[in-house]
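Engineer: Dropping the sequence and predicted coords here.
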Amino acid sequence: MAKDAQTNSLEEFWIPFTDNAGFKKDPRLIVKASGNYMTDHRGGTVLDGSSGLFCSPAGHCHPKIIEAVHESMQNLTYVSAFGTSHASAFALAEKLARLLPEDINHVFFVNSGSEAIDTALKIVMAYHSAMGSDRHRFVSRERAYHGVNIGGVSLSGLVNNRKTFQDVIPNVVHMRHTWNPDELMVRGQPEHNGVDLANDLQRAVDTFGGGTIAACFVEPVAGSTGTLAPPKGYLERLRQICDENGILLVFDEVITGFGRIGGKFAADAFGVTPDIMTMAKALTNGSIPMGAVAVKDGIYEAITDKAAPGAIEFFHGYTYSGHPAACAAGLAALDIYETEGLFERAADLSPYFLDAVYALRDHPMVKDIRGIGSMVGFEMHSNGKPGARGGDCQKKLFWNGMHVKFTGDTGILAPMYIAEEKHIDEMMDKLTKTLGELT
Ligand SMILES: Cc1ncc(COP(=O)(O)O)c(C=O)c1O
(Lines give C-alpha, C1' and ligand atoms only; values in the text may rest on other atoms or scores of the structure.)
Protein backbone atom coordinates (compact mmCIF):
# COMPACT_ATOMS: atom_id res chain seq x y z
CA MET A 1 0.00 0.00 0.00
CA ALA A 2 1.37 3.41 -0.94
CA LYS A 3 2.18 5.69 1.97
CA ASP A 4 -0.04 8.54 0.81
CA ALA A 5 -3.11 6.31 1.04
CA GLN A 6 -2.77 6.70 4.83
CA THR A 7 -4.28 3.41 5.85
CA ASN A 8 -2.72 0.41 7.55
CA SER A 9 -5.43 -2.19 7.15
CA LEU A 10 -7.91 -2.98 4.39
CA GLU A 11 -9.66 -5.62 6.46
CA GLU A 12 -12.29 -3.83 8.51
CA PHE A 13 -14.10 -1.75 5.91
CA TRP A 14 -16.87 -3.82 4.27
CA ILE A 15 -17.04 -2.31 0.79
CA PRO A 16 -20.53 -2.06 -0.72
CA PHE A 17 -21.46 -3.76 -4.02
CA THR A 18 -17.86 -4.95 -4.42
CA ASP A 19 -15.98 -8.24 -4.50
CA ASN A 20 -14.30 -7.53 -1.13
CA ALA A 21 -11.78 -10.37 -1.33
CA GLY A 22 -10.69 -9.43 -4.84
CA PHE A 23 -10.56 -5.72 -4.08
CA LYS A 24 -8.47 -6.19 -0.98
CA LYS A 25 -5.89 -8.14 -3.03
CA ASP A 26 -5.82 -5.49 -5.76
CA PRO A 27 -7.14 -2.27 -4.22
CA ARG A 28 -8.05 0.75 -6.28
CA LEU A 29 -8.03 3.75 -3.97
CA ILE A 30 -8.62 7.32 -5.01
CA VAL A 31 -6.54 9.83 -3.11
CA LYS A 32 -7.69 13.04 -4.78
CA ALA A 33 -9.72 14.29 -7.70
CA SER A 34 -10.26 17.44 -9.71
CA GLY A 35 -12.49 18.12 -12.72
CA ASN A 36 -12.59 15.10 -15.06
CA TYR A 37 -9.71 13.28 -13.35
CA MET A 38 -8.85 11.31 -10.22
CA THR A 39 -5.48 10.25 -8.81
CA ASP A 40 -5.06 6.66 -7.62
CA HIS A 41 -2.96 5.52 -4.66
CA ARG A 42 -0.02 4.62 -6.88
CA GLY A 43 0.00 8.15 -8.25
CA GLY A 44 -1.67 7.33 -11.60
CA THR A 45 -4.12 9.66 -13.31
CA VAL A 46 -7.57 8.17 -13.91
CA LEU A 47 -10.18 9.70 -16.23
CA ASP A 48 -13.60 9.43 -14.62
CA GLY A 49 -15.68 7.82 -17.38
CA SER A 50 -18.97 7.63 -15.46
CA SER A 51 -18.96 10.98 -13.59
CA GLY A 52 -18.51 9.09 -10.33
CA LEU A 53 -21.66 7.00 -10.17
CA PHE A 54 -23.38 9.62 -12.39
CA CYS A 55 -23.04 11.97 -9.44
CA SER A 56 -20.58 14.68 -10.43
CA PRO A 57 -21.30 16.16 -13.87
CA ALA A 58 -19.78 19.53 -12.87
CA GLY A 59 -16.47 17.82 -12.11
CA HIS A 60 -14.77 16.68 -8.94
CA CYS A 61 -13.98 19.14 -6.14
CA HIS A 62 -15.71 22.11 -7.74
CA PRO A 63 -14.34 25.12 -5.83
CA LYS A 64 -17.73 26.87 -5.64
CA ILE A 65 -19.28 23.88 -3.88
CA ILE A 66 -16.38 23.56 -1.46
CA GLU A 67 -16.66 27.26 -0.67
CA ALA A 68 -20.46 27.14 -0.21
CA VAL A 69 -20.30 24.14 2.14
CA HIS A 70 -17.41 25.66 4.08
CA GLU A 71 -19.25 28.94 4.48
CA SER A 72 -22.47 27.22 5.52
CA MET A 73 -20.63 25.16 8.13
CA GLN A 74 -19.24 28.30 9.75
CA ASN A 75 -22.80 28.98 10.92
CA LEU A 76 -24.56 25.63 11.02
CA THR A 77 -23.26 22.09 11.16
CA TYR A 78 -26.64 20.61 12.10
CA VAL A 79 -30.23 21.74 12.61
CA SER A 80 -32.94 19.44 13.94
CA ALA A 81 -34.90 18.37 10.89
CA PHE A 82 -38.17 17.99 12.82
CA GLY A 83 -39.94 20.99 14.29
CA THR A 84 -37.20 23.46 13.27
CA SER A 85 -35.57 24.22 9.96
CA HIS A 86 -33.24 26.70 8.26
CA ALA A 87 -33.47 29.03 5.28
CA SER A 88 -31.32 27.10 2.82
CA ALA A 89 -33.69 24.07 2.92
CA PHE A 90 -36.51 26.34 1.76
CA ALA A 91 -34.26 28.06 -0.78
CA LEU A 92 -33.15 24.74 -2.30
CA ALA A 93 -36.71 23.40 -2.46
CA GLU A 94 -37.80 26.59 -4.20
CA LYS A 95 -34.90 26.53 -6.67
CA LEU A 96 -35.60 22.89 -7.43
CA ALA A 97 -39.32 23.54 -7.90
CA ARG A 98 -38.47 26.19 -10.52
CA LEU A 99 -36.38 23.60 -12.39
CA LEU A 100 -38.99 20.83 -12.20
CA PRO A 101 -42.01 20.42 -14.50
CA GLU A 102 -44.73 22.99 -13.94
CA ASP A 103 -47.12 21.26 -11.52
CA ILE A 104 -44.37 19.66 -9.42
CA ASN A 105 -43.66 22.19 -6.69
CA HIS A 106 -43.30 20.33 -3.39
CA VAL A 107 -40.04 18.73 -2.35
CA PHE A 108 -39.23 16.28 0.46
CA PHE A 109 -35.51 15.95 1.23
CA VAL A 110 -33.79 12.63 1.97
CA ASN A 111 -30.18 11.45 1.94
CA SER A 112 -29.93 9.04 -1.00
CA GLY A 113 -31.73 7.60 -3.99
CA SER A 114 -32.80 4.55 -1.99
CA GLU A 115 -34.40 6.74 0.65
CA ALA A 116 -36.08 8.74 -2.10
CA ILE A 117 -37.73 5.58 -3.43
CA ASP A 118 -38.91 4.35 -0.03
CA THR A 119 -40.18 7.86 0.72
CA ALA A 120 -42.02 7.94 -2.61
CA LEU A 121 -43.69 4.61 -1.77
CA LYS A 122 -44.89 6.07 1.54
CA ILE A 123 -46.11 9.27 -0.12
CA VAL A 124 -48.12 7.13 -2.55
CA MET A 125 -49.64 5.19 0.37
CA ALA A 126 -50.38 8.40 2.31
CA TYR A 127 -51.97 9.99 -0.75
CA HIS A 128 -54.33 7.10 -1.45
CA SER A 129 -55.20 6.83 2.23
CA ALA A 130 -56.04 10.57 2.27
CA MET A 131 -58.22 10.01 -0.80
CA GLY A 132 -60.09 7.26 1.06
CA SER A 133 -58.75 4.49 -1.17
CA ASP A 134 -57.15 1.19 -0.15
CA ARG A 135 -55.04 0.70 -3.29
CA HIS A 136 -52.14 -1.52 -2.24
CA ARG A 137 -50.52 -2.84 -5.39
CA PHE A 138 -47.38 -1.45 -7.08
CA VAL A 139 -46.21 -1.93 -10.62
CA SER A 140 -42.52 -1.95 -11.50
CA ARG A 141 -40.47 -3.46 -14.33
CA GLU A 142 -38.00 -6.23 -15.05
CA ARG A 143 -34.38 -5.01 -14.95
CA ALA A 144 -35.43 -2.04 -12.77
CA TYR A 145 -33.05 -0.66 -10.15
CA HIS A 146 -34.64 1.45 -7.44
CA GLY A 147 -31.95 1.35 -4.77
CA VAL A 148 -31.37 -1.06 -1.95
CA ASN A 149 -33.81 -0.23 0.83
CA ILE A 150 -36.66 -2.59 1.57
CA GLY A 151 -39.18 -0.87 -0.71
CA GLY A 152 -36.71 -0.38 -3.54
CA VAL A 153 -35.61 -4.01 -3.42
CA SER A 154 -39.24 -5.10 -3.67
CA LEU A 155 -39.60 -3.00 -6.81
CA SER A 156 -36.29 -4.24 -8.19
CA GLY A 157 -36.22 -6.22 -11.39
CA LEU A 158 -32.59 -7.35 -11.05
CA VAL A 159 -32.30 -10.89 -9.78
CA ASN A 160 -29.05 -10.47 -7.82
CA ASN A 161 -30.48 -7.54 -5.92
CA ARG A 162 -33.57 -9.39 -4.76
CA LYS A 163 -32.99 -13.15 -4.67
CA THR A 164 -31.62 -13.06 -1.09
CA PHE A 165 -34.35 -10.62 0.00
CA GLN A 166 -37.52 -12.17 -1.36
CA ASP A 167 -40.91 -10.46 -1.41
CA VAL A 168 -40.16 -7.96 1.31
CA ILE A 169 -43.19 -5.93 0.36
CA PRO A 170 -45.97 -7.94 -1.26
CA ASN A 171 -48.19 -7.14 -4.23
CA VAL A 172 -45.57 -5.90 -6.66
CA VAL A 173 -46.23 -6.70 -10.32
CA HIS A 174 -43.43 -6.46 -12.88
CA MET A 175 -43.90 -5.33 -16.46
CA ARG A 176 -41.51 -6.63 -19.12
CA HIS A 177 -38.22 -4.78 -19.59
CA THR A 178 -37.83 -2.84 -22.83
CA TRP A 179 -34.64 -4.37 -24.27
CA ASN A 180 -35.31 -6.02 -27.61
CA PRO A 181 -32.60 -8.45 -28.87
CA ASP A 182 -33.87 -7.85 -32.43
CA GLU A 183 -33.17 -4.14 -32.17
CA LEU A 184 -29.47 -3.80 -31.32
CA MET A 185 -27.15 -0.77 -31.65
CA VAL A 186 -30.04 1.67 -31.33
CA ARG A 187 -29.07 5.30 -30.83
CA GLY A 188 -31.73 7.19 -28.88
CA GLN A 189 -35.21 5.75 -28.45
CA PRO A 190 -35.99 2.39 -30.09
CA GLU A 191 -38.66 2.70 -32.80
CA HIS A 192 -40.69 -0.41 -32.05
CA ASN A 193 -42.91 -2.03 -29.39
CA GLY A 194 -43.35 1.04 -27.17
CA VAL A 195 -47.12 0.87 -26.86
CA ASP A 196 -47.14 -2.93 -26.75
CA LEU A 197 -44.67 -3.02 -23.85
CA ALA A 198 -46.50 -0.26 -21.97
CA ASN A 199 -49.70 -2.27 -22.34
CA ASP A 200 -48.24 -4.59 -19.67
CA LEU A 201 -49.61 -1.98 -17.26
CA GLN A 202 -53.01 -2.33 -18.92
CA ARG A 203 -52.74 -6.11 -18.41
CA ALA A 204 -52.12 -5.53 -14.70
CA VAL A 205 -55.21 -3.29 -14.67
CA ASP A 206 -57.21 -5.99 -16.45
CA THR A 207 -55.94 -8.74 -14.15
CA PHE A 208 -56.12 -7.06 -10.74
CA GLY A 209 -58.46 -4.11 -11.31
CA GLY A 210 -57.16 -0.59 -11.91
CA GLY A 211 -58.64 0.48 -8.58
CA THR A 212 -56.21 -1.79 -6.69
CA ILE A 213 -53.04 -0.30 -8.22
CA ALA A 214 -51.46 2.54 -6.25
CA ALA A 215 -48.54 3.52 -8.48
CA CYS A 216 -46.34 2.56 -11.39
CA PHE A 217 -42.59 3.14 -10.83
CA VAL A 218 -40.19 3.41 -13.77
CA GLU A 219 -36.76 4.78 -14.49
CA PRO A 220 -37.49 6.80 -17.67
CA VAL A 221 -34.21 5.42 -19.02
CA ALA A 222 -33.29 2.25 -17.11
CA GLY A 223 -29.81 3.19 -15.91
CA SER A 224 -28.06 0.66 -13.71
CA THR A 225 -29.03 -2.28 -15.91
CA GLY A 226 -27.02 -0.67 -18.71
CA THR A 227 -28.98 2.17 -20.36
CA LEU A 228 -32.32 1.10 -21.82
CA ALA A 229 -34.01 4.11 -23.40
CA PRO A 230 -37.80 3.90 -23.55
CA PRO A 231 -39.12 2.87 -26.98
CA LYS A 232 -41.12 5.57 -28.72
CA GLY A 233 -44.64 5.91 -27.34
CA TYR A 234 -43.85 3.88 -24.19
CA LEU A 235 -43.87 6.59 -21.53
CA GLU A 236 -46.81 8.35 -23.19
CA ARG A 237 -48.87 5.13 -23.05
CA LEU A 238 -47.94 4.53 -19.38
CA ARG A 239 -49.10 8.09 -18.63
CA GLN A 240 -52.39 7.46 -20.42
CA ILE A 241 -53.13 4.19 -18.58
CA CYS A 242 -52.27 5.83 -15.23
CA ASP A 243 -54.63 8.73 -15.99
CA GLU A 244 -57.46 6.43 -16.99
CA ASN A 245 -57.15 4.41 -13.79
CA GLY A 246 -56.15 6.85 -11.04
CA ILE A 247 -52.69 5.28 -10.79
CA LEU A 248 -49.80 7.56 -9.78
CA LEU A 249 -46.88 7.57 -12.20
CA VAL A 250 -43.48 7.80 -10.51
CA PHE A 251 -40.32 8.57 -12.48
CA ASP A 252 -37.15 7.50 -10.71
CA GLU A 253 -34.79 10.20 -12.00
CA VAL A 254 -31.90 9.39 -9.67
CA ILE A 255 -29.62 8.92 -12.70
CA THR A 256 -31.57 10.67 -15.46
CA GLY A 257 -32.20 13.93 -13.55
CA PHE A 258 -30.14 17.10 -13.96
CA GLY A 259 -29.33 17.02 -17.65
CA ARG A 260 -28.09 13.46 -18.21
CA ILE A 261 -30.60 12.63 -20.98
CA GLY A 262 -30.74 15.99 -22.73
CA GLY A 263 -33.52 17.92 -20.96
CA LYS A 264 -33.32 19.20 -17.40
CA PHE A 265 -34.97 15.93 -16.39
CA ALA A 266 -35.96 12.92 -18.48
CA ALA A 267 -39.55 14.11 -18.00
CA ASP A 268 -38.63 17.18 -20.07
CA ALA A 269 -36.57 15.25 -22.60
CA PHE A 270 -39.47 12.86 -23.32
CA GLY A 271 -42.31 15.34 -22.80
CA VAL A 272 -44.11 13.15 -20.24
CA THR A 273 -44.79 14.51 -16.76
CA PRO A 274 -45.07 12.02 -13.89
CA ASP A 275 -46.92 12.66 -10.62
CA ILE A 276 -43.87 12.06 -8.45
CA MET A 277 -40.14 12.28 -9.20
CA THR A 278 -37.23 10.90 -7.21
CA MET A 279 -33.72 12.30 -7.54
CA ALA A 280 -30.32 12.23 -5.79
CA LYS A 281 -26.71 11.99 -7.08
CA ALA A 282 -26.20 15.16 -9.20
CA LEU A 283 -28.49 17.17 -6.90
CA THR A 284 -25.33 18.14 -4.98
CA ASN A 285 -22.90 17.16 -7.75
CA GLY A 286 -22.30 14.14 -5.49
CA SER A 287 -20.46 16.27 -2.95
CA ILE A 288 -22.73 15.68 0.07
CA PRO A 289 -25.27 12.83 0.27
CA MET A 290 -28.73 14.10 -0.58
CA GLY A 291 -31.85 12.96 -2.40
CA ALA A 292 -35.30 14.40 -2.92
CA VAL A 293 -38.85 13.40 -3.78
CA ALA A 294 -40.85 16.00 -5.67
CA VAL A 295 -44.62 15.75 -6.00
CA LYS A 296 -47.45 17.42 -7.85
CA ASP A 297 -49.26 20.09 -5.86
CA GLY A 298 -52.44 17.97 -5.65
CA ILE A 299 -50.58 15.17 -3.87
CA TYR A 300 -49.08 17.49 -1.25
CA GLU A 301 -52.41 19.22 -0.76
CA ALA A 302 -54.40 15.97 -0.46
CA ILE A 303 -52.10 14.72 2.31
CA THR A 304 -51.77 18.00 4.21
CA ASP A 305 -55.47 18.97 3.90
CA LYS A 306 -56.56 15.63 5.32
CA ALA A 307 -54.74 16.10 8.64
CA ALA A 308 -56.45 17.60 11.67
CA PRO A 309 -55.38 21.19 12.47
CA GLY A 310 -52.04 21.17 14.32
CA ALA A 311 -51.34 17.51 13.56
CA ILE A 312 -48.25 16.23 11.73
CA GLU A 313 -49.56 15.49 8.23
CA PHE A 314 -46.99 12.92 7.08
CA PHE A 315 -45.34 10.64 9.64
CA HIS A 316 -42.04 10.36 7.86
CA GLY A 317 -38.63 12.04 7.80
CA TYR A 318 -34.94 11.47 8.42
CA THR A 319 -32.70 13.02 11.07
CA TYR A 320 -30.58 14.38 8.22
CA SER A 321 -33.42 15.47 5.88
CA GLY A 322 -32.38 18.85 4.45
CA HIS A 323 -29.01 18.89 6.25
CA PRO A 324 -27.54 22.43 6.02
CA ALA A 325 -24.31 21.26 4.35
CA ALA A 326 -26.26 19.27 1.77
CA CYS A 327 -28.56 22.22 1.07
CA ALA A 328 -25.55 24.52 0.62
CA ALA A 329 -24.00 21.99 -1.76
CA GLY A 330 -27.31 21.60 -3.65
CA LEU A 331 -27.78 25.35 -4.03
CA ALA A 332 -24.20 25.72 -5.29
CA ALA A 333 -24.55 22.77 -7.70
CA LEU A 334 -27.79 24.09 -9.22
CA ASP A 335 -26.20 27.51 -9.53
CA ILE A 336 -23.19 26.02 -11.34
CA TYR A 337 -25.40 24.04 -13.74
CA GLU A 338 -27.19 27.27 -14.60
CA THR A 339 -24.36 29.81 -14.71
CA GLU A 340 -21.92 27.50 -16.50
CA GLY A 341 -24.70 26.33 -18.89
CA LEU A 342 -23.77 22.72 -18.16
CA PHE A 343 -26.97 21.03 -19.33
CA GLU A 344 -26.64 22.83 -22.67
CA ARG A 345 -22.93 21.99 -22.82
CA ALA A 346 -23.69 18.30 -22.26
CA ALA A 347 -26.38 18.36 -24.96
CA ASP A 348 -23.92 19.99 -27.39
CA LEU A 349 -21.24 17.36 -26.71
CA SER A 350 -23.69 14.44 -26.94
CA PRO A 351 -23.49 13.86 -30.75
CA TYR A 352 -19.67 13.78 -30.64
CA PHE A 353 -19.75 11.40 -27.68
CA LEU A 354 -22.34 9.10 -29.25
CA ASP A 355 -20.53 9.06 -32.63
CA ALA A 356 -17.33 8.06 -30.84
CA VAL A 357 -18.90 5.16 -28.93
CA TYR A 358 -20.98 3.86 -31.86
CA ALA A 359 -17.74 3.65 -33.87
CA LEU A 360 -17.16 0.49 -31.78
CA ARG A 361 -20.28 -1.18 -33.22
CA ASP A 362 -18.28 -3.74 -35.27
CA HIS A 363 -15.75 -4.51 -32.54
CA PRO A 364 -15.71 -8.30 -31.96
CA MET A 365 -16.06 -7.90 -28.18
CA VAL A 366 -19.12 -5.64 -28.44
CA LYS A 367 -22.62 -7.11 -28.51
CA ASP A 368 -24.81 -4.01 -28.16
CA ILE A 369 -24.49 -0.26 -27.74
CA ARG A 370 -27.36 1.78 -26.28
CA GLY A 371 -26.83 5.50 -26.03
CA ILE A 372 -28.93 8.54 -25.34
CA GLY A 373 -27.91 12.02 -24.24
CA SER A 374 -24.75 11.77 -22.16
CA MET A 375 -25.01 8.10 -21.27
CA VAL A 376 -24.14 4.92 -23.16
CA GLY A 377 -24.36 1.28 -22.13
CA PHE A 378 -21.90 -0.85 -24.11
CA GLU A 379 -22.56 -4.53 -23.63
CA MET A 380 -19.82 -7.06 -24.30
CA HIS A 381 -20.33 -10.66 -25.34
CA SER A 382 -20.20 -12.89 -22.30
CA ASN A 383 -17.27 -15.30 -22.06
CA GLY A 384 -19.66 -17.92 -20.67
CA LYS A 385 -19.49 -16.65 -17.09
CA PRO A 386 -21.90 -13.68 -16.93
CA GLY A 387 -20.18 -10.61 -15.51
CA ALA A 388 -16.66 -12.05 -15.59
CA ARG A 389 -15.57 -10.16 -18.70
CA GLY A 390 -17.16 -6.95 -17.35
CA GLY A 391 -15.26 -7.28 -14.06
CA ASP A 392 -12.01 -7.94 -15.89
CA CYS A 393 -12.61 -4.99 -18.22
CA GLN A 394 -13.31 -2.64 -15.32
CA LYS A 395 -10.05 -3.55 -13.55
CA LYS A 396 -7.90 -3.40 -16.69
CA LEU A 397 -9.49 -0.10 -17.69
CA PHE A 398 -8.66 1.37 -14.31
CA TRP A 399 -4.98 0.52 -14.59
CA ASN A 400 -5.09 1.85 -18.16
CA GLY A 401 -6.23 5.17 -16.68
CA MET A 402 -10.02 5.25 -16.77
CA HIS A 403 -12.77 4.29 -14.36
CA VAL A 404 -16.16 3.13 -15.66
CA LYS A 405 -19.20 1.77 -13.82
CA PHE A 406 -20.06 -1.81 -14.86
CA THR A 407 -23.18 -3.91 -14.48
CA GLY A 408 -22.44 -7.51 -15.46
CA ASP A 409 -20.79 -7.38 -18.88
CA THR A 410 -22.09 -3.88 -19.61
CA GLY A 411 -20.07 -0.74 -19.01
CA ILE A 412 -21.86 2.57 -18.65
CA LEU A 413 -20.04 5.58 -20.04
CA ALA A 414 -21.34 8.90 -18.73
CA PRO A 415 -18.91 11.77 -19.27
CA MET A 416 -18.95 14.84 -17.11
CA TYR A 417 -20.77 17.83 -18.56
CA ILE A 418 -17.50 19.76 -18.31
CA ALA A 419 -15.85 17.18 -20.62
CA GLU A 420 -14.49 18.36 -23.96
CA GLU A 421 -13.96 16.49 -27.21
CA LYS A 422 -10.40 15.68 -26.12
CA HIS A 423 -11.76 13.86 -23.05
CA ILE A 424 -14.08 11.80 -25.24
CA ASP A 425 -11.11 10.94 -27.50
CA GLU A 426 -9.09 9.90 -24.45
CA MET A 427 -12.01 7.84 -23.18
CA MET A 428 -12.29 5.97 -26.46
CA ASP A 429 -8.51 5.42 -26.76
CA LYS A 430 -8.41 3.86 -23.30
CA LEU A 431 -11.52 1.78 -23.90
CA THR A 432 -10.30 0.49 -27.27
CA LYS A 433 -6.88 -0.39 -25.86
CA THR A 434 -8.51 -2.27 -22.98
CA LEU A 435 -11.00 -4.14 -25.19
CA GLY A 436 -7.94 -5.36 -27.12
CA GLU A 437 -6.45 -6.83 -23.92
CA LEU A 438 -9.55 -8.88 -23.00
CA THR A 439 -9.82 -12.59 -23.61
C1 LIG B 1 -32.67 4.77 -10.63
C2 LIG B 1 -32.03 4.66 -9.28
N3 LIG B 1 -32.79 4.70 -8.19
C4 LIG B 1 -32.26 4.63 -6.96
C5 LIG B 1 -30.91 4.48 -6.78
C6 LIG B 1 -30.34 4.37 -5.41
O7 LIG B 1 -29.60 5.48 -5.09
P8 LIG B 1 -28.59 5.44 -3.83
O9 LIG B 1 -27.47 4.54 -4.22
O10 LIG B 1 -28.20 6.88 -3.67
O11 LIG B 1 -29.35 4.94 -2.66
C12 LIG B 1 -30.08 4.44 -7.90
C13 LIG B 1 -28.63 4.30 -7.76
O14 LIG B 1 -27.88 4.14 -8.70
C15 LIG B 1 -30.65 4.51 -9.19
O16 LIG B 1 -29.90 4.43 -10.29
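Structural biologist: That came in fine, so what should we check first? Numbers count the residues shown, from 1 in each chain.
Engineer: Now stretch 284-296: average pLDDT?
Structural biologist: Average pLDDT, stretch 284-296: 98.
Engineer: now the end-to-end length of that stretch.
Structural biologist: End-to-end distance of stretch 284-296 (Cα to Cα, to the nearest Å): 22 Å.
Engineer: go on, stretch 184-203?
Structural biologist: End-to-end distance (Cα to Cα), stretch 184-203: 27 Å.
Engineer: hmm, who's touching it?
Structural biologist: By Cβ atoms under 8 Å, 6 or more residues apart in numbering, the surrounding residues in contact with stretch 184-203 are 139, 175-176, 178, 180, 183, 216, 229-238, 241-242, 247, 354, 358, 361, 367-372. Every residue, glycine included, has its C-beta placed from N, CA and C.
Engineer: Could you give me the buried positions within that stretch?
Structural biologist: 186-187, 189-190, 193-195, 197-202 (16 or more other Cβ atoms under 10 Å).
Engineer: Please apply the same query to stretch 49-65.
Structural biologist: Buried residues in stretch 49-65, defined by neighbour count with 16+ other Cβ under 10 Å: 49-60, 62, 64-65.
Engineer: Off-centre distance for that stretch?
Structural biologist: Averaging C-alpha positions (Cα atoms, centre = their mean, to the nearest Å) puts stretch 49-65 14 Å from its chain's average.
Engineer: closest point of the stretch 101-250 of the chain to the ligand, which residue?
Structural biologist: Residue nearest to the ligand within the stretch 101-250 of the chain: Gly113 (2.2 Å; Cβ to the nearest ligand atom).
Engineer: what does the stretch 301-439 of the chain give?
Structural biologist: Lys405 (8.9 Å).
Engineer: what about the helices in the stretch 251-400 of the chain?
Structural biologist: 266-270, 297-306, 324-339, 342-358, 388-399 (DSSP state H, counting those that start in this stretch).
Engineer: So for Glu421, what's the nearest residue that isn't a sequence neighbour?
Structural biologist: Distances taken as Cβ to Cβ, 6 or more residues apart in numbering place Tyr352 nearest to Glu421, at 5.5 Å, with adjacent residues excluded.
Engineer: That neighbour and Arg345: what is the separation?
Structural biologist: To Arg345, Tyr352 is 12 Å away according to Cβ to Cβ, to the nearest Å.
Engineer: Quick check: residues of the stretch 51-200 of the chain near the ligand?
Structural biologist: Residues of the stretch 51-200 of the chain lying close to the ligand (Cβ under 6 Å from any ligand atom) are 112-114, 117, 145-147.
Engineer: Just put those residues in TSV and tack on neighbour count and distance to Lys24.
Structural biologist: Below are these laid out as TSV (neighbours: other Cβ atoms under 10 Å; distance: Cβ to Cβ, whole Å):
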residue	neighbour count	distance to Lys24
Ser112	19	25
Gly113	27	27
Ser114	21	25
Ile117	31	31
Tyr145	23	26
His146	31	29
Gly147	24	26
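Engineer: Output those residues in TSV, with secondary structure appended to each entry.
Structural biologist: TSV is the format used below for those (DSSP: H, G, I helix; E, B strand; the rest coil):
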residue	secondary structure
Ser112	coil
Gly113	helix
Ser114	helix
Ile117	helix
Tyr145	coil
His146	coil
Gly147	coil
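Engineer: Near the residue of the stretch 301-439 of the chain closest to the ligand, how many other residues are there?
Structural biologist: 20 (other Cβ atoms under 10 Å).
Engineer: what's the pLDDT at it?
Structural biologist: We have a pLDDT of 98 for Lys405.
Engineer: Now do it against Ser224, distance only.
Structural biologist: According to Cβ to Cβ, Lys405 and Ser224 sit 8 Å apart.
Engineer: Neighbour count for Tyr352 and Arg345, which is higher?
Structural biologist: More neighbours surround Arg345 than the other of Tyr352 and Arg345, with 19 against 14 (other Cβ under 10 Å).
Engineer: Run through who's touching stretch 340-360.
Structural biologist: By Cβ under 8 Å, 6+ apart, the residues outside stretch 340-360 that reach it are 57-58, 185, 187, 258-260, 262-264, 336-337, 366, 369, 371, 373-374, 376, 378, 413, 415, 417-421, 424-425, 427-428, 431-432, 435.
Engineer: next one: stretch 52-69
Structural biologist: Contacts for stretch 52-69 (Cβ under 8 Å, 6+ apart): 32-38, 48, 51, 223, 255, 258-260, 281-282, 284-288, 325, 328-329, 331-333, 335-337, 340, 342, 346, 374-375, 405, 414, 416-418.
Engineer: Return the members of the residues you listed classed as buried.
Structural biologist: 33, 35-38, 48, 51, 223, 255, 258-260, 281-282, 284-288, 325, 328-329, 331-333, 336-337, 340, 342, 346, 374-375, 405, 414, 416-418.
Engineer: Hmm, Ile276 is touching Ala294, no?
Structural biologist: Yes: if you go by Cβ atoms under 8 Å, Ile276 and Ala294 touch, sitting 7.1 Å apart.
Engineer: These two - which one has more neighbours?
Structural biologist: Set Ile276 next to Ala294 and count neighbours by other Cβ under 10 Å: Ala294 wins out with 29 against 25.
Engineer: ok, now which ones touch the more buried one?
Structural biologist: Counting by Cβ under 8 Å, 6+ apart, Ala294 has contacts 96-97, 100, 104-108, 276-277, 279.
Engineer: Neighbours of Ala229, how many?
Structural biologist: 27.
Engineer: That one and Gly49, how far apart?
Structural biologist: For Ala229, the distance to Gly49 - Cβ to Cβ - is 19 Å.
Engineer: Also Leu10?
Structural biologist: 25 Å.
Engineer: OK, contacts around the residue nearest to Ala91 when sequence neighbours are not counted?
Structural biologist: Leaving aside its sequence neighbours, Ala91 sits nearest to Leu331 (Cβ to Cβ, 6+ apart; 6.1 Å). If you count contacts by Cβ under 8 Å, 6+ apart, Leu331 has them with 68, 88, 91-92, 95.
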